[in-house]
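*Asks:* Here is the input, now give the coordinates:
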Amino acid sequence: MPFVLLGLAIAFEVTATLAMRASEGLSRLWPSLIVVAGYLISFALMARALTSLNVGPVYAIWSALGTVGAFAGGVLLFGEPVKPVTIAGAVIIVIGVVVMNLGGGVHQS
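*Replies:* Below you'll find the model as predicted:
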């Protein structure tokens, strides 16, 4: 169950980040409301997941998948450019998360 909560937290965080882009500097009401609600829900879900998971690896997973999700969403929704160096950066981030999890895992001892 904590991984489901983490997955939902990531989804809400990515949604909020993409809504921030759509809000045009928080000047559009509905996207701005999605930003606020998305981050509040995301933090609440992550806090709940952290009651049984280790903070370091969980934050690494959350930030890495959030980064990759925001990158993919920016490309798909806003036509942002895809460059080989950007893809390489995303791959490096994911590799870093895998290495972190090999070092101790995410479950609390």
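*Asks:* pull the longest helix from the protein.
*Replies:* As assigned by DSSP state H, the longest helix anywhere in the chain is helix 55-78.
*Asks:* what pLDDT, on average, does it get?
*Replies:* Averaging pLDDT along helix 55-78 yields 93.
*Asks:* quick one: buried residues of that helix?
*Replies:* For helix 55-78, the buried set under the neighbour-count rule, 16 or more other Cβ atoms under 10 Å, comprises 57-58, 60-62, 64-71, 73-74. For the C-beta atoms, the positions are set from N, CA and C on the backbone; glycine is no exception.
*Asks:* hang on, Thr86 packs against Phe71?
*Replies:* Yes. Thr86 lies in contact with Phe71 (Cβ atoms under 8 Å); the separation is 6.9 Å.
*Asks:* what ranges of this protein fall below the confidence cut-off?
*Replies:* Residues of the chain meeting the criterion pLDDT under 70: 104-109.
*Asks:* residue contacts, the residue most central in space within it?
*Replies:* In the chain, the C-alpha closest to the average C-alpha coordinate belongs to Gly66, at a distance of 2.1 Å (Cα atoms, centre = their mean). By Cβ atoms under 8 Å, 6 or more residues apart in numbering, Gly66 lies in contact with Ile10, Glu13, Val14, Thr17.
*Asks:* circling back: next helix or strand past the longest helix of the chain?
*Replies:* Using DSSP states H and E, the helix or strand that directly follows helix 55-78 along the chain is helix 84-102.
*Asks:* what about dumping the CA coordinates of the longest helix of the chain to PDB?
*Replies:* These are the backbone C-alpha positions of helix 55-78, laid out as PDB (Å, rounded to 0.1, in the frame of the first residue of the first chain):
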ATOM      1  CA  VAL A  55      12.800   9.000   3.300                       C
ATOM      2  CA  GLY A  56      16.000   9.100   1.200                       C
ATOM      3  CA  PRO A  57      15.100   6.400  -1.300                       C
ATOM      4  CA  VAL A  58      11.500   7.500  -1.400                       C
ATOM      5  CA  TYR A  59      12.300  11.100  -2.100                       C
ATOM      6  CA  ALA A  60      14.800  10.000  -4.800                       C
ATOM      7  CA  ILE A  61      12.000   7.900  -6.500                       C
ATOM      8  CA  TRP A  62       9.500  10.800  -6.100                       C
ATOM      9  CA  SER A  63      11.800  13.400  -7.500                       C
ATOM     10  CA  ALA A  64      13.200  11.200 -10.300                       C
ATOM     11  CA  LEU A  65       9.800  10.000 -11.500                       C
ATOM     12  CA  GLY A  66       8.400  13.500 -11.100                       C
ATOM     13  CA  THR A  67      11.300  14.900 -13.200                       C
ATOM     14  CA  VAL A  68      10.800  12.300 -15.900                       C
ATOM     15  CA  GLY A  69       7.000  12.700 -15.800                       C
ATOM     16  CA  ALA A  70       7.200  16.500 -16.000                       C
ATOM     17  CA  PHE A  71       9.700  16.100 -18.900                       C
ATOM     18  CA  ALA A  72       7.400  13.700 -20.800                       C
ATOM     19  CA  GLY A  73       4.300  15.900 -20.000                       C
ATOM     20  CA  GLY A  74       6.100  19.000 -21.300                       C
ATOM     21  CA  VAL A  75       6.900  17.300 -24.500                       C
ATOM     22  CA  LEU A  76       3.400  15.800 -25.000                       C
ATOM     23  CA  LEU A  77       1.300  18.700 -23.800                       C
ATOM     24  CA  PHE A  78       3.400  21.800 -24.600                       C
END
